[in-house]
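K.L.:
Structure of the sequence below:
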Amino acid sequence: MLTDVCPLSEARSALDGEQPYSRAAWLGLAELGFQGVTIPEAYGGLGLGELELCVAAEEIGRALAPVPSLSSVYICAEAIRLLGSEDQKRRWLPGLANGSVIGTWAAAERTGEVLPGAIATSFADGAVFGEKAPVLDGLAADVCVVLAKGAGGASDLAICDLTGPGVRRERVDSIDPSRPLARVEFDGADAERLGVAGEGWSAYESLLNRAAVLLSFEQVGAAERALWMARDYALQRHAFGRPIGANQAIKHKLANMFVKNELARVHAYYGAWALSTGSAELPLAAAGARVAAIEASSFSAQENLQTHGGIGFTWECDCQLFYRRARLLATVVGGNQVWKDQLVSALEQNNEQGRA
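P.N.:
Down below sits the predicted model:
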């Protein structure tokens, strides 16, 4: 389906800001049931599991589909499914499941790592005050899961209707306009608490671990397509009477891309296992998947450019689309160093438990 309705020209058209996402791809995914894979049938979903969602995520990454998959499916819908009250589920999940409602999340308020003590946005008496930026897919979203400071200074998660009063949005420039960012200002916007009061930060960390695994599959899909794009060009481009792929330097580039991609795939499937089984190893598996996927997608995008040579750096060449997507996805749920720190901490914890 994505091959038919979402060629690379869809991602390219988004560079000009013509649309916040590909409606054709989003509607096509809705017809297949992608948005409702893990949502129970009682709320309009398919009632399947995370493994099926991982399979779909890889294909979305392979197509570089400009759709709000991370924001709406991996984080917002999952947050409401796992933490929401019965009323909240009945209000939001059916629309999220059929794609008619787009969700997102808002945590960051400045550049750098999101930390609980740095959250200034407040939530009290059913209203949110503050500013969040950058918010991925914030221009297209209808509902947002907001990380805010609640009563007593503890962190809370809140569901906010972005179409209601007290919300103002504006575009934020980014390296990949096919997945646009926004600044969202909340001035007394109506909201409801999501989950248990005062436990917003731990719930947010759990959501990020889940999203990291799913996002790693998107990155693996994009990295693999970049590899084959470089391979195809190396076979077609001739220099001095033979394909450039015959040169050892190009062979080494492609081999190194393949190795990093396969390592990332292994980590992604470890994460998929931990996610689908509810394993206590999820923080470790998610961190490993995230680090490996960032490195694989960034490396493959860069080497794809280098393999194409001078033409790869031009506006007309599609290499830039892979590079843009790789750089954006490397930061949206925390950068590489954040996840490396979590990986080390999880390994240390496992070692301590083993000695005990």
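
K.L.:
Please count neighbours and contacts with C-alpha atoms only from this point.
P.N.:
Noted.

K.L.:
what helices or strands is whichever helix or strand residue 90 is part of leaning on?
P.N.:
Residue 90 belongs to helix 86-98 when assigned by DSSP states H and E. Packing contacts for helix 86-98, counted by 3 or more Cα pairs under 8 Å, 6 or more residues apart in numbering; DSSP states H and E, involve helix 23-32, helix 78-83.

K.L.:
Now do it, average pLDDT.
P.N.:
Mean per-residue pLDDT for helix 86-98: 98.

K.L.:
Could you pull out the buried residues of it?
P.N.:
For helix 86-98, the buried set under the neighbour-count rule, 16 or more other Cα atoms under 10 Å, comprises 88, 89, 90, 92, 93, 94, 95, 96, 97, 98.

K.L.:
In CSV, list the helices and strands packed on helix 86-98 along with mean neighbour count, mean pLDDT and distance to residue 307.
P.N.:
Output for the helices and strands packed on helix 86-98, formatted as CSV (neighbours: other Cα atoms under 10 Å; pLDDT from 0 to 100; distance: least, Cα to Cα, whole Å):
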stretch, mean neighbour count, mean pLDDT, distance to residue 307
helix 23-32, 18, 95, 30
helix 78-83, 19, 98, 39
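
K.L.:
now those helices as TSV including distance to residue 260?
P.N.:
Shown next, in TSV, are the helices and strands packed on helix 86-98 (distance: least, Cα to Cα, whole Å):
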stretch	distance to residue 260
helix 23-32	29
helix 78-83	29
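
K.L.:
so after the helix holding residue 90, what's the next helix or strand?
P.N.:
strand 103-106.

K.L.:
Residues contacting that next one, please?
P.N.:
71-73, 75-77, 96, 132-138, 141-147 (Cα atoms under 8 Å, 6 or more residues apart in numbering).

K.L.:
Now list the buried members of the residues you listed.
P.N.:
Of the contacts of strand 103-106, these count as buried by 16+ other Cα under 10 Å: 71-73, 75-77, 96, 132-138, 141-147.

K.L.:
The helix holding residue 90 versus helix 23-32: what angle between them?
P.N.:
Note on geometry: by axes from the mean of the first three to the mean of the last three Cα atoms, to 10 degrees, helix 86-98 and helix 23-32 are set 110 degrees apart in direction.

K.L.:
For helix 86-98, what is the distance to the chain centroid?
P.N.:
21 Å (Cα atoms, centre = their mean, to the nearest Å).

K.L.:
Output that helix as PDB, restricted to C-alpha atoms.
P.N.:
What follows is helix 86-98, C-alpha atoms only, in PDB (Å, rounded to 0.1, in the frame of the first residue of the first chain):
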ATOM      1  CA  GLU A  86     -13.000   4.400  30.800                       C
ATOM      2  CA  ASP A  87     -14.500   7.700  29.800                       C
ATOM      3  CA  GLN A  88     -11.200   8.900  28.300                       C
ATOM      4  CA  LYS A  89     -10.800   5.700  26.300                       C
ATOM      5  CA  ARG A  90     -14.300   5.900  25.000                       C
ATOM      6  CA  ARG A  91     -13.900   9.600  24.000                       C
ATOM      7  CA  TRP A  92     -10.500   9.400  22.300                       C
ATOM      8  CA  LEU A  93      -9.600   5.800  21.300                       C
ATOM      9  CA  PRO A  94     -12.200   5.200  18.500                       C
ATOM     10  CA  GLY A  95     -11.000   8.300  16.600                       C
ATOM     11  CA  LEU A  96      -7.400   7.500  17.100                       C
ATOM     12  CA  ALA A  97      -8.000   4.000  15.900                       C
ATOM     13  CA  ASN A  98      -9.600   5.000  12.600                       C
END
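
K.L.:
ok, residues contacting that helix?
P.N.:
Residues contacting helix 86-98 (Cα under 8 Å, 6+ apart): 30-31, 33-37, 39, 43-45, 72-73, 77, 80-81, 101-103.

K.L.:
Could you list the single helix or strand in this structure with the lowest mean pLDDT?
P.N.:
helix 8-15 (a mean of 84; mean pLDDT, DSSP states H and E).

K.L.:
quick check: domain ranges of this protein?
P.N.:
2-70+79-98, 103-197, 202-355 (automatic domain parsing).

K.L.:
do you know how far residue 332 is from residue 282?
P.N.:
19 Å (Cα to Cα, to the nearest Å).

K.L.:
higher neighbour count, those two?
P.N.:
Using other Cα atoms under 10 Å as the criterion, residue 332 and residue 282 rank with residue 282 on top: 23 against 17.

K.L.:
Need the phi and psi values for that one.
P.N.:
Taking degrees, to the nearest 10, you get phi -60, psi -40 for the backbone angles of residue 282.

K.L.:
For it, give its distance to residue 103.
P.N.:
24 Å.

K.L.:
One more: residue 169?
P.N.:
14 Å.

K.L.:
In TSV, list the buried residues of helix 86-98 along with distance to residue 316.
P.N.:
What follows is these, written out as TSV (distance: Cα to Cα, whole Å):
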residue	distance to residue 316
88	46
89	45
90	46
92	41
93	40
94	41
95	38
96	36
97	36
98	35
